[in-house]
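Undergrad: With the input below, show me the fold.
(2 chains)
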Amino acid sequence: MLKFILLRMAQAIPVVLAVITVTFFLVRAAPGGPFDSEKAVLPEVKKALEAQYKLDVPLTDQYLGYLADLADGDLGPSFKYPGRSVNEILASGLPVTAELGVYALCFALFIGVLAGILAALRPNTKQDYVPMTLAMIGICMPSFLLGPILILVFGIYLEWLPISGWGDLPGDKILPSITLGSAYAAYIARLSRAGMLEILSQDYIRTARAKGASDSRVVFKHALRGGLIPVIAFLGPAFAGLLAGSFVVETIFQIPGLGRFYVQAAFNRDYTMILGTTVFLSVLIVIFNLISDVLAAWMDPRLRTQFSKAK
Amino acid sequence: MRISYSSTLVALLALTLSACGGGEKNVVSGNATGYLHYGNGAEPQGIDPHLVTGVPESHIVRALFEGLAVKNPITLEPEPGVAERWEISPDGTVYTFFINPQAKWSNGEPVTASDYVWSWERALHPETGSLYAYMLFPVVNAEKFASGAIDDFAEVGIKSLDAQTLRISLNAPTPYFLQLMDHYSTFAVHPETVLKFGGMSDRFTLWTRPENIVSNGAFTLKEWSLNRQIKVEKNPHYWDKSSVALEGVYFYPTENVVSEERMFRSEQLHVTQGIPLGKIPNYRAVQNSPYVQAPYLGTYYYLINTKKPPVDDVRVRKALSYAIDRDTLTRTVLRDTAIPAYSITPPDTLGYNPPKLFSFDPEQARALLAEAGYPDGQGWPGLEITYNTNEDHRKIAVAVQQMWKDELGIDVSITNQEWKVYLNTVSQGEFQVARRGWIGDYVDANNFLDLFLANGGNNNTGYANAEFDDIILNQAPKAASREERYQLFFQAETMMMQEMPIIPFYTYTSKRLIHPSVNGIYPNLMDSLNLKYVRLDPNQRLDLTTE
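TA: Numbers count the residues shown, from 1 in each chain, chains lettered A, B, ... in the order given. Predicted coordinates:
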């Protein structure tokens, strides 16, 4: 198992390095620079700014310099926000985005697994069709539509929940978490239905039923662990996706997370910010994929035996 | 069993939702405590007056700092700020400012003339990289210092005669110079505070953080939570603190106008920065409407690259411009939120009105196009409109494309580019027709006309006319009176518009929602906000029922 983890980590290093390199040269190849503005910039001013941010040295030197700083954990100063470092901006946005991601994932898991189990228990009946149709709608409905609908219903007409902010007013975290989580809930519902259906048709489940075990005992004691393996495998990429993809929800609900910086950095040609967020998120994605692989291996005896054989 | 799963779920959800309640509305609590909740458009880049550019930044910088002179929020004429009075020499080239002895920094120290000398050196220093350094270029040798041609700041025309007296020498009479004193790029910063956290021209320092900053305006910075909110509170050391009614202001980075409008509707904001165009009719229909629209010192136009065929021919340029029905455009596409424009300077710019040399005239447009060799659009080589990606710009471009097709029988293509790509395209001159907007930095026709100087960095059209340059650079500054100066501007602008290097479309308006409880936000041409004058009346409520 340890060998498996180490191997996967070793594989991750060239991936992250490739991401850094490609991003570094791509953003610099894009037309327009960080200090271009609608008003003409005096040549002296532009030169001074480029010198302050070391843009006047050859590109390869900039690249090596960036890697050296990165090795020290320094992502550099932001170009767009004078006086702010990329580290600081990431540190201010990450807790918010991570919290939002965790709530959204909890919501998605709770609703998704519940709906999936219900559907799998009585396949091809109303109890299957209703949640699965809802799930399909959930997958198709983009958050920029669902968010405003929830806001209109719960925020403006019913006045039950605040419609913006994060941690400023009681309950302001509910609508964004639901909006962000619903597409994932739908996806998880379909995954857990498929996983449960497969497991419920296995011999050991039939044995359990033959022994007279109740529905709930069959589900929770015997089937769930195996049936949720596809869901677990999906969780890693899902959480990374939640962190990287929260931009729309953060914009709709005025949430001070990472997503807004991530997207705007590209528009601003804020080179260090683009690189910082990309590197950071790629590392996160690698880590979460690794965790979910390990979890899936731990939960699935068949995979586990493969590892022991590999040893 | 099955039923109990779903019912538990429903019960749980309902419980969580109802337990939360709507929370107290910011507007209600703000009115009770004297705090304004202000939708500020975007997260500010920063609040260092010499480093930032942009409208959201200016609102915060102007709450925290004050210039030598400030603009009256209604008339926009200069009024005493840090300087209690000033004298102008008879030839208009020497300004002597007398600093109010009561003007204090937020740490209680007096604001001195030498603070200004130091601050202007910082603002002009090439290493600071202030994008607005040119605001001080009317000052003797300022441009030379900023471009590195001279190193000794003592040669620049700003001197402190004593702690309270500041003498500024200008290259030429500059009638709008006092207005520049209200622009944040000319504000003073507290030298000791800046130096405590870094060098004079360092960009990466912590002096603007709430725990470090020292400022001299009506408010002081209390909290700056990135992308969440900025909180300022009344400055106890401000010289005119008795006039400040608000206890403080919360600024929110409301980038998304749709979300901002919803925040306003649920009374989380007193004031918005904008409004989605589609919502305007609904708000206009409301009795005692919170929607406020006012002319804004800015022009929306298309740049023409006069070096590229077919628009290198003035007849083609005129034909294109005459064929646009600006009244219809502003009424339909823009929903009556803009004023048709026929020249670059907005109307009534401190009493100046630009020439109107033409109107919507399809007949003449066709005749001119035929004269240029494209009768009814025959033989037309094609034309491309470039604009930066934005839904509103697209709508206008499509309307223009259709008008040219209908009136002139010519086909044009429209291309959108991402902002920085578009800026690059325009500055490299790789376009035929490109969208552009210009917002004035100060209320004076000069600010619009000097765009078209032959070597102007913002010209981009290839228009060059020595006579025009002479009027703007030499004759107008020396004019004896405002009338004479305006006549010269009129003459220059007429000369420029006869060559049609741009196609003007409309004058901007500022559009925002203001809660009925807010008094003292005066609509003006600069959309200039002075929070000092804002008062809250808790008895006024928002009522959005339509008539």
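Undergrad: Just list the residues touching the residue in the stretch 201-311 of chain A positioned nearest to chain B, thanks.
TA: Relative to chain B, the nearest point of the stretch 201-311 of chain A is A:Pro256 (3.7 Å; CB to the nearest CB). The way it works is simple: take the backbone N, C-alpha and C, and place the C-beta from them, glycine included. By CB atoms under 8 Å, 6 or more residues apart in numbering or on different chains, the contact list for A:Pro256 reads A:Ser92, A:Gly93, A:Val96, A:Trp166, A:Glu250, B:Ser225, B:Leu226, B:Asn227, B:Arg228, B:Pro253.
Undergrad: Cross those against helices and list the overlap.
TA: A:Ser92, A:Gly93, A:Val96, A:Glu250 (DSSP state H).
Undergrad: Report how many residues lie close to the first one.
TA: The one in question is A:Ser92. A:Ser92: 18 surrounding residues under other CB atoms under 10 Å in any protein chain shown.
Undergrad: So it sits against B:Asn227, correct?
TA: Yes. Between A:Ser92 and B:Asn227 there is a contact under CB atoms under 8 Å: 7.4 Å.
Undergrad: you'd agree B:Tyr38 is up against B:Leu269?
TA: Yes. B:Tyr38 lies in contact with B:Leu269 (CB under 8 Å); the separation is 7.1 Å.
Undergrad: I'd like the distance between A:Met196 and A:Asp128.
TA: From A:Met196 across to A:Asp128, the span is 11 Å (CB to CB, to the nearest Å).
Undergrad: Common neighbours of these two, please.
TA: Counting by CB under 8 Å, 6+ apart, the residues touching both A:Met196 and A:Asp128 are A:Ala120.
Undergrad: Neighbour count: those two, which is higher?
TA: Neighbour count, other CB under 10 Å: between A:Met196 and A:Asp128, A:Met196 has more, with 27 against 18.
Undergrad: how about that one, what does it touch?
TA: Counting by CB under 8 Å, 6+ apart, A:Met196 makes contact with A:Gly116, A:Ile117, A:Ala120, A:Leu121, A:Val219, A:Ala223, A:Leu224, A:Gly227, A:Leu228.
Undergrad: sorry, back to before: now the ones in helices among the contacts of A:Pro256 in TSV, with pLDDT and distance to A:Tyr187?
TA: As requested, the ones in helices among the contacts of A:Pro256 are exported to TSV (pLDDT from 0 to 100; distance: CB to CB, whole Å):
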residue	pLDDT	distance to A:Tyr187
A:Ser92	89	30
A:Gly93	89	25
A:Val96	91	24
A:Glu250	89	20
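Undergrad: Can you give me the buried ones in the helix or strand containing A:Phe110?
TA: Taking DSSP states H and E as the definition, one finds A:Phe110 inside helix A:86-121. Going by neighbour count (16 or more other CB atoms under 10 Å in any protein chain shown), the buried part of helix A:86-121 is A:86-87, A:89-90, A:92-94, A:96-101, A:103-105, A:107-109, A:111-121.
Undergrad: elements contacting it?
TA: Counting contacts by 3 or more CB pairs under 8 Å, 6 or more residues apart in numbering or on different chains; DSSP states H and E, helix A:86-121 packs against helix A:126-140, helix A:174-200, helix A:224-227, helix A:229-244, helix A:247-252, helix A:258-268, helix A:271-299, helix B:2-20.
Undergrad: Would you pull up how far it lies from the middle of the chain?
TA: Offset of helix A:86-121 from its chain centre (CA atoms, centre = their mean, to the nearest Å): 8 Å.
Undergrad: count of residues packed around B:Ala294?
TA: By the criterion of other CB under 10 Å, B:Ala294 has 14 neighbours.
Undergrad: Surely B:Ile230 is in a strand?
TA: Yes. When DSSP: H, G, I helix; E, B strand; the rest coil is applied, B:Ile230 is found to be in a strand.
Undergrad: Identify the bridge partners of it.
TA: Here B:Ile230 sits in beta bridges with B:Trp224, B:Phe251, going by DSSP bridges.
Undergrad: Check whether it really touches B:Phe251, as I assumed.
TA: Yes. Counting by CB under 8 Å, B:Ile230 does reach B:Phe251; the two are 4.3 Å apart.
Undergrad: Those two - which one has more neighbours?
TA: Between B:Ile230 and B:Phe251, counted using other CB under 10 Å, the more crowded position is B:Ile230 (26 against 22).
Undergrad: Distance check, the more buried one against B:Ala42.
TA: Distance, B:Ile230 to B:Ala42, using CB to CB: 12 Å.
Undergrad: likewise A:Ser177?
TA: Counting by CB to CB, the gap between A:Ser177 and B:Ala42 amounts to 25 Å.
Undergrad: how about low-confidence regions in chain B?
TA: For chain B, the stretches with pLDDT under 70 are B:1-23, B:547.
Undergrad: Pull out the buried residues from the longest strand along it.
TA: The longest strand of chain B (DSSP state E) is strand B:291-304. Residues of strand B:291-304 classed as buried by neighbour count (16+ other CB under 10 Å): B:291-293, B:295-304.
Undergrad: And for stretch B:148-164?
TA: B:Phe153, B:Val156, B:Gly157, B:Ile158, B:Lys159, B:Ser160, B:Gln164.
Undergrad: Compile those residues into JSON lines and extend it with columns for secondary structure and distance to B:Gly54.
TA: Output for the buried residues of stretch B:148-164, formatted as JSON lines (DSSP: H, G, I helix; E, B strand; the rest coil; distance: CB to CB, whole Å):
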{"residue": "B:Phe153", "secondary structure": "helix", "distance to B:Gly54": "27"}
{"residue": "B:Val156", "secondary structure": "coil", "distance to B:Gly54": "27"}
{"residue": "B:Gly157", "secondary structure": "coil", "distance to B:Gly54": "28"}
{"residue": "B:Ile158", "secondary structure": "strand", "distance to B:Gly54": "26"}
{"residue": "B:Lys159", "secondary structure": "strand", "distance to B:Gly54": "32"}
{"residue": "B:Ser160", "secondary structure": "strand", "distance to B:Gly54": "30"}
{"residue": "B:Gln164", "secondary structure": "coil", "distance to B:Gly54": "33"}
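Undergrad: Can I get the residues you listed in CSV including distance to chain A?
TA: As requested, these are exported to CSV (distance: CB to the nearest CB, whole Å):
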residue, distance to chain A
B:Phe153, 15
B:Val156, 15
B:Gly157, 19
B:Ile158, 19
B:Lys159, 24
B:Ser160, 26
B:Gln164, 31
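Undergrad: what does the stretch 201-311 of chain A put close to chain B?
TA: Within the stretch 201-311 of chain A, the positions near chain B by CB under 8 Å from any CB of the partner chain are A:215-216, A:251-254, A:256-257, A:260-261, A:267-269.
Undergrad: Show the buried residues in those.
TA: Of all those considered here, the ones buried according to neighbour count by 16+ other CB under 10 Å are A:Thr251, A:Ile252, A:Phe253, A:Gln254, A:Pro256, A:Gly257, A:Arg260, A:Phe261, A:Asn268, A:Arg269.
Undergrad: quick one: A:Gly65 and chain B, what's the gap?
TA: Using CB to the nearest CB, to the nearest Å, A:Gly65 is found at 16 Å from chain B.
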